[in-house]
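*Asks:* Could you look at this predicted model? Sequence included:
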Amino acid sequence: MELQEQIRETATELFRMKGLKFTMEDVAREMHVAKKTIYKLYASKEELLVDLVTNGFMQIQACKQRILDSQLPMEEKIARVLIEMPENFKTLDFRQLSGIEGKYPSVWKAISKNLDSEWEPIYELLNQGKKEGKVKDICLPVLKQIVTSSIDNFLYTDELKRNGMTYQEALQNMVEILMKGVWNDSAE
């Protein structure tokens with residue numbers, strides 16, 4: 001495994017344990033290397049975090065592409081592609097990113113940029129669902145805004161912590177509400 005990937009894995013594990021409180025020294029210590037070895041690849045912790053975000057979103061897009069290429073039923077494809085992430089990310093507590101905008105603005109910018117991109121395959125899937133009569137004629141830019149704004153809120157506020165909800169639970173709830181709505185058909 002190359003050094004950059006080892007650093008990413010170590011930093012991800014440290015984030016899992018300490019949130020954003022891990023240091024470059026922690027990374028070096030865990031890897032049993034000199035801190036300057038880390039600084040040869042990353043000038044700062046913020047630069048390392050931006051790389052983690054960029055690499056993480058590449059992995060997320062690969063997961064989403066596998067779903068899009070799968071033979072899953074349309075409804076399951078749509079539900080999963082909106083919130084899919086690699087297995088090793090599912091145990092991360094993304095609620096620990098609360099406050100990142102002020103402390104690491106370039107990391108926040110990278111997250112926001114990635115949340116806002118790569119929607120074309122999802123739009124294609126939804127348009128296919130419309131043609132097949134399985135998806136209502138909805139405004140896709142509004143759906144995108146609902147999803148990205150919800151994820152932003154989950155990441156950057158303490159709302160989930162206050163309600164005792166994990167990031168994964170929040171994503172599942174969001175997708176269920178989007179897919180099924182709030183109306184109880186059995187109440188009629």
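*Replies:* Yep, that arrived.
*Asks:* Show me where this structure has its helices.
*Replies:* 3-18, 24-31, 35-41, 45-69, 74-83, 87-90, 100-103, 105-116, 120-131, 140-156, 159-162, 167-180 (DSSP state H).
*Asks:* Let me have those in JSON lines, adding mean pLDDT as columns.
*Replies:* Output for the helices of the chain, formatted as JSON lines (pLDDT from 0 to 100):
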{"stretch": "helix 3-18", "mean pLDDT": "95"}
{"stretch": "helix 24-31", "mean pLDDT": "97"}
{"stretch": "helix 35-41", "mean pLDDT": "96"}
{"stretch": "helix 45-69", "mean pLDDT": "95"}
{"stretch": "helix 74-83", "mean pLDDT": "94"}
{"stretch": "helix 87-90", "mean pLDDT": "85"}
{"stretch": "helix 100-103", "mean pLDDT": "88"}
{"stretch": "helix 105-116", "mean pLDDT": "92"}
{"stretch": "helix 120-131", "mean pLDDT": "94"}
{"stretch": "helix 140-156", "mean pLDDT": "91"}
{"stretch": "helix 159-162", "mean pLDDT": "86"}
{"stretch": "helix 167-180", "mean pLDDT": "93"}
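*Asks:* Let's have these in CSV, adding mean neighbour count.
*Replies:* Bear in mind the C-beta positions are built from the backbone N, C-alpha and C, glycine included. What follows is the helices of the chain, written out as CSV (neighbours: other CB atoms under 10 Å):
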stretch, mean neighbour count
helix 3-18, 16
helix 24-31, 17
helix 35-41, 14
helix 45-69, 17
helix 74-83, 18
helix 87-90, 12
helix 100-103, 14
helix 105-116, 17
helix 120-131, 14
helix 140-156, 16
helix 159-162, 13
helix 167-180, 16
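*Asks:* domain ranges for the protein?
*Replies:* With domains defined by automatic domain parsing, the chain comprises 1-43, 58-182.
*Asks:* between the ones you listed, which gets nearest to D51?
*Replies:* For the domains of the chain, proximity to D51 was assessed by CB to CB; domain 1-43 is nearest, at 6.8 Å.
*Asks:* quick one: the closest residue to S150 other than its chain neighbours and D26, what's the gap?
*Replies:* Sequence neighbours aside, M174 is the residue nearest to S150 in space, at 5.1 Å (criterion: CB to CB, 6 or more residues apart in numbering). According to CB to CB, to the nearest Å, M174 stands 33 Å off from D26.
*Asks:* returning to that earlier point: out of the domains of the chain, which gets nearest to V50?
*Replies:* domain 58-182 (5.0 Å).
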